[in-house]
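> output the structure for:
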Amino acid sequence: MFLDDLKSIFSSPINPVMKFDGDYKLASVLVVIYGKEPIVVMTEKPEHMKFHAGEISFPGGKLDTVDSDLLQTALRETSEELGLVITREQVIGQLEPVVTLNSGFLILPFISIIDEIPTLAANSEVEKIFHIPLESFLKTMAHDPNPSHNVIQEMYTFEYQNQIVWGASARILKQIQTLLKS
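Below you'll find the model as predicted:
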């Protein structure tokens, strides 16, 4: 798996504005993939967070009034959470929106594939930063065994270093896996 191949697979039109059901709060995340052996960046949320405490997720957050659109939200949040500045031009595509089961977010995932990244620095919204080899990580996919998690759509889990990735992040990873197989 090479970055140029990934760029061609994940390149898609970017529409950072969503029409949505008023029951959801809008949010976005940035899937950052980098390196010769493609690595995906994920974070662990601290236990003190209001939403998704202790969960493994992509950098991102809710749409703020200062954001012009959801892409700006993902870029701003990635910069705040990791100290990683990604430009709009470095975002090559987006995936289908996913919803969260408990917190009521509708999340639009964007993808950036870059050659390398600087050393990252977590802010207070990030307990730990993970640099996960993408190919082997995607092979850990399983169906989520918790029946209460299957209320809104089919659920999956992925595992890295004894950490379970589930929920919206796992559904984003499942989209990535499906695109890589097609």
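> Provide the secondary structure category for the nearest residue to residue 164 once chain neighbours are set aside.
Leaving aside its sequence neighbours, residue 164 sits nearest to residue 157 (CB to CB, 6 or more residues apart in numbering; 5.3 Å). All C-beta spots, glycine's among them, are computed from the backbone N, C-alpha and C. Three-state assignment for residue 157 (DSSP: H, G, I helix; E, B strand; the rest coil): strand.
> measure stretch 93-111 end to end?
The separation between the terminal residues of stretch 93-111, taken as CA to CA, to the nearest Å, is 5 Å.
> list the buried residues in that stretch.
The neighbour-count check on stretch 93-111 (16 or more other CB atoms under 10 Å) flags 93-95, 97-101, 105-111 as buried.
> read off the pLDDT value for the residue nearest to residue 164.
Note on residue 157: pLDDT of 87.
> for residue 9, give me the pLDDT.
95.
> next SSE after whichever helix or strand it is part of?
Assigned by DSSP states H and E, residue 9 falls within helix 3-10. Scanning forward in sequence from helix 3-10 by DSSP H and E, the next helix or strand is strand 25-34.
> what helices or strands is that following strand leaning on?
helix 3-10, strand 39-44, strand 60-62, helix 70-82, strand 105-114, helix 167-181 (3 or more CB pairs under 8 Å, 6 or more residues apart in numbering; DSSP states H and E).
> give me the sheet partners of the fifth one and which way each runs.
The one in question is strand 105-114. Strand pairing for strand 105-114, using DSSP bridges, gives strand 25-34 (parallel), strand 91-94 (antiparallel), strand 98-99 (antiparallel).
> each with direction, which strands does the helix or strand following that strand pair with?
Once strand 105-114 ends, the next helix or strand along the chain (criterion: DSSP H and E) is strand 128-133. Within its sheet, strand 128-133 is paired with strand 39-44 (antiparallel), according to DSSP bridges.
> CA atoms only for the partner strand, dumped as CSV, please.
Output in CSV follows, covering the C-alpha atoms of strand 39-44 (Å, rounded to 0.1, in the frame of the first residue of the first chain):
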residue,chain,number,x,y,z
ILE,A,39,0.2,5.2,9.4
VAL,A,40,-3.1,6.6,10.6
VAL,A,41,-3.2,9.1,13.5
MET,A,42,-5.8,8.6,16.2
THR,A,43,-6.2,9.9,19.7
GLU,A,44,-7.5,8.7,23.1
